[in-house]
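Engineer: let's see this in three dimensions:
(chains A, B and C)
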Amino acid sequence: MVAQNIFFGIIAFVMVVAALRVVTTKNIVHAALYLVIVLAGVAAQFILTGAEFVGVTQILVYIGAVVVLFLFGIMLTRARIGREVEVDNEKRWLAGLVALVLFAVMSFALVDAFEDSRIESVSGGTPQLTSEVSDAIFKDYLIPFEAASFLLLAALIGAIVVARRE
Amino acid sequence: MWLNQFLILGALLFCIGVYGVLARRNGVMVLMSIELILNSVNINLVAFGAFNGTPVGQVFALFVIAVAAAEVGVGLAIVLLIYRNRTSIDLDAADLLKG
Amino acid sequence: MGDPLYAGGIGLTVVLVTLLKVLVTFVLLLVATMFMVWFERKIVADMQHRIGPNRAGPWGLLQTLADGTKLFFKEDLLPDRADRIVFRLAPVLAVVPAFLAFAIVPIGGNFAEGGTVSMFGRETFLQLADPPVGVLFFLAMSGIGVYGVMLAGWSSGSKYPLLGGVRATAQIVSYEAALGLSLASVILVNGTLSTHQIVAEQAGAGFGGIIPNWNLVVTGVVPAIIFLIAGTAELNRPPFDLVEAEQELVGGFNTEYSSIRFALFFLAEFMNTVTMSALVVTLFLGGPSGPVWGPEPVRTWFFPIFWFLLKLVVFLFVFVWFRGTLPRLRYDQLMDLGWKALIPLALGWFLLLGAVRVARNEGWNLVVTFGAITVVVVVAVTLLNLSLRAAQRQRLADAEVNA
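Structural biologist: I've put the predicted structure just below:
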């Protein structure tokens, strides 16, 4: 358990630093690469809680497809190396204030509600198997699953229609 | 492991994402910040699933991942269209509908 | 389930055995990669009536080592307009996933007797890692492998590498879909994601006691062929090597690279080839399974590893054979093959396998089932063809208007 907490701390620290770089760096490709670090960290946290299937799906979909799509879009529009001018708007200190206040409220609410409850306390610490996850998807959540597949189809067609040259 | 360590990490990522959405004016960078927000939600879902001992948290995380993939596809298509029409992906300048 | 090595807690022996496995896997992959470079040059030379490398070592076996040493001592150039950090990062990003993906391949173990070997008094699998999501891990690693090529192209700060990188990304992402769908057939038939379990499912005699129970036969050959074609495209090997089409792009994504960084890309390409062959063997040809006999160490150690390496060499030869004999595809042909042929075929075959499985489980009349399947296939193929032709007509009409 101690080892898990140490790993959690290291990964979480790297994730937060990388996330801050995503929203502050001036170079758009670097922002995408920092986003990869955050996403890989999220996958690592999933594996730490025993959700290995979601973790690998995270790597497969986010790192293998979504960020590649981002980079592809960046390279198609402007693949300039170096800093871009004016990626932030003038009122970013206001945005920072909003984010800080939001974080203060959320962390207060979370600490107040869950105090020091442990993940192992209710479930006994046994991770959910991939087979249980698939059973849940294909039994209880079949209609949402079909809706999700329909959404993906609609997004596919929509993206082609929107991006198509007239 | 405490439940709160995951939840507060999620809250932190969420707030960083909110800052990004508000402060950035480059369309692709705004989309990246939205990815941060969606991922923070996923951390919460999986942590709550492990806390309650049900696979449902993971199921919802998978749904969020699917929806995020769809969102990026359409979002990037729109950004490309804006770039093609205005040769800039500055979202603050895309205000043609302003009266 | 899982490796029995870790069942009894983690002790010093367990850590040492794991470290030994890491070392052996790494060395094996490196040696196989070196051998593969030599093998490819020799075979291609043979096909073109040349002699090939024959100076360094017996039959030129040490040629790769000599080339590597030469590259290592060359000047390491950093282009003036490059993005320094990403430029240095890209070769590493190409090599690391290539190595990691090999970690899930079972390279030995007699699967008729549980697939374990004993090492220093401990039972263990002869593979570095057996994650419960093994096959998906492989797909994830090949997804990360894209970054090496893409970032190398972008960070060079030069036109041709950028074009090469963009081409590579489009190609790899397209063929990953076909690769994943053909893998889904294997997963459906075997009912597991772990590579060890997949190999265990293929052990033993199959139909008639003569034909092996390999997935190649069980899934009906088509997924294996799709996997092989999509895998070749994924590796950017000929005939799908548009990434580095010399006539069009100078050298492709790695034009600006020199010295050890270039060597890393070269290494990654051949490492990926070895890993892909090993995965074809694992997924479709039963991995280390084959006839074994003799006393204990020979039966569990020698024969499985021998069969595995033999099958591996067969597929390495197939990849070289492709390179030696097939002309490079044009870019539109490449995309047509991926999107209009391989993906529908892989998806259709996956549905077919699923339908047959359901029919068998529910005890439906086989003749009626196959009749219904045939009707559905004919209708689907007709519809697909009609839509493709309509799209083609539309494109031609558009081109006429624009011209």
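Engineer: next, the contact list for the one residue sitting closest to the centre of chain B, please.
Structural biologist: Nearest to the geometric centre of chain B sits residue B:34, at 2.4 Å (CA atoms, centre = their mean). When contacts are counted by CB atoms under 8 Å, 6 or more residues apart in numbering or on different chains, residue B:34 is found next to B:17, B:21, B:71, B:75. All C-beta atoms are positioned from the backbone trio N, CA, C, and that covers glycine.
Engineer: these in helices, which ones?
Structural biologist: Here DSSP state H is the test, and these give B:17, B:21, B:71, B:75 as lying in helices.
Engineer: dump those residues into TSV; add neighbour count and distance to chain A as well.
Structural biologist: Converted to TSV, the ones in helices among the contacts of residue B:34 look like this (neighbours: other CB atoms under 10 Å in any protein chain shown; distance: CB to the nearest CB, whole Å):
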residue	neighbour count	distance to chain A
B:17	25	8
B:21	18	8
B:71	18	8
B:75	23	9
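Engineer: pick out the most distant pair among the residues you listed.
Structural biologist: Comparing all pairs in these by CB to CB, the longest separation belongs to B:17 and B:75, at 14.4 Å.
Engineer: got the CA coordinates for the host helix or strand of residue A:98 in PDB?
Structural biologist: Using DSSP states H and E, residue A:98 sits within helix A:92-114. In PDB, the C-alpha atoms belonging to helix A:92-114 read as follows (Å, rounded to 0.1, in the frame of the first residue of the first chain):
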ATOM      1  CA  ARG A  92      -5.900  35.400 -18.400                       C
ATOM      2  CA  TRP A  93      -5.400  36.600 -14.900                       C
ATOM      3  CA  LEU A  94      -9.200  36.600 -14.500                       C
ATOM      4  CA  ALA A  95      -9.200  33.000 -15.800                       C
ATOM      5  CA  GLY A  96      -6.600  32.100 -13.300                       C
ATOM      6  CA  LEU A  97      -8.700  33.600 -10.500                       C
ATOM      7  CA  VAL A  98     -11.700  31.600 -11.600                       C
ATOM      8  CA  ALA A  99      -9.700  28.400 -11.700                       C
ATOM      9  CA  LEU A 100      -8.200  29.000  -8.200                       C
ATOM     10  CA  VAL A 101     -11.600  29.800  -6.600                       C
ATOM     11  CA  LEU A 102     -13.100  26.800  -8.300                       C
ATOM     12  CA  PHE A 103     -10.300  24.600  -7.000                       C
ATOM     13  CA  ALA A 104     -10.700  26.000  -3.500                       C
ATOM     14  CA  VAL A 105     -14.400  25.300  -3.400                       C
ATOM     15  CA  MET A 106     -14.100  21.800  -4.900                       C
ATOM     16  CA  SER A 107     -11.300  20.700  -2.600                       C
ATOM     17  CA  PHE A 108     -13.100  22.000   0.400                       C
ATOM     18  CA  ALA A 109     -16.200  20.100  -0.600                       C
ATOM     19  CA  LEU A 110     -14.300  16.900  -1.200                       C
ATOM     20  CA  VAL A 111     -12.300  17.000   2.000                       C
ATOM     21  CA  ASP A 112     -15.500  17.800   3.900                       C
ATOM     22  CA  ALA A 113     -17.500  15.000   2.300                       C
ATOM     23  CA  PHE A 114     -15.000  12.100   2.200                       C
END
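Engineer: gap between it and the chain center?
Structural biologist: With CA atoms, centre = their mean, to the nearest Å as the basis, helix A:92-114 stands 19 Å off its chain's centre.
Engineer: against which helices or strands is it packed?
Structural biologist: helix B:3-23 (3 or more CB pairs under 8 Å, 6 or more residues apart in numbering or on different chains; DSSP states H and E).
Engineer: what helices and strands are in contact with the least confident helix or strand in chain B by mean pLDDT?
Structural biologist: Among the helices and strands of chain B, helix B:56-86 carries the lowest confidence by mean pLDDT, DSSP states H and E, at a mean of 87. Judged by 3+ CB pairs under 8 Å, 6+ apart, helix B:56-86 is in contact with helix A:52-58, helix A:67-77, helix A:130-139, helix A:142-163, helix B:27-52.
Engineer: 10 Å instead, please
Structural biologist: Applying 3 or more CB pairs under 10 Å, 6 or more residues apart in numbering or on different chains; DSSP states H and E, one finds that helix B:56-86 contacts helix A:28-48, helix A:52-58, helix A:67-77, helix A:130-139, helix A:142-163, helix B:27-52.
Engineer: touching chain B at all, the shortest one?
Structural biologist: I take that to be helix A:52-58. Yes - contact between helix A:52-58 and chain B, assessed by CB under 10 Å from any CB of the partner chain, occurs at A:52-55, A:57-58.
Engineer: next, see if that helix gets close to chain C.
Structural biologist: Yes - applying CB under 10 Å from any CB, one finds helix A:52-58 in contact with chain C at A:52-58.
Engineer: pLDDT weak spots in chain C?
Structural biologist: For chain C, applying pLDDT under 70 flags the ranges C:1-2, C:206-209, C:245-251, C:403.
Engineer: of all residues in it, which one is closest to chain A?
Structural biologist: Nearest to chain A in chain C, going by CB to the nearest CB, is residue C:143, at a distance of 2.5 Å.
Engineer: quick revisit: list the buried residues of the helix holding residue A:98.
Structural biologist: Within helix A:92-114, the residues that count as buried by 16 or more other CB atoms under 10 Å in any protein chain shown are A:92, A:95-96, A:99, A:103, A:106-107, A:110, A:114.
Engineer: max pairwise distance over these: which two?
Structural biologist: With CB to CB as the measure, no two of the buried residues of helix A:92-114 lie farther apart than A:92 and A:114, at 32.0 Å.
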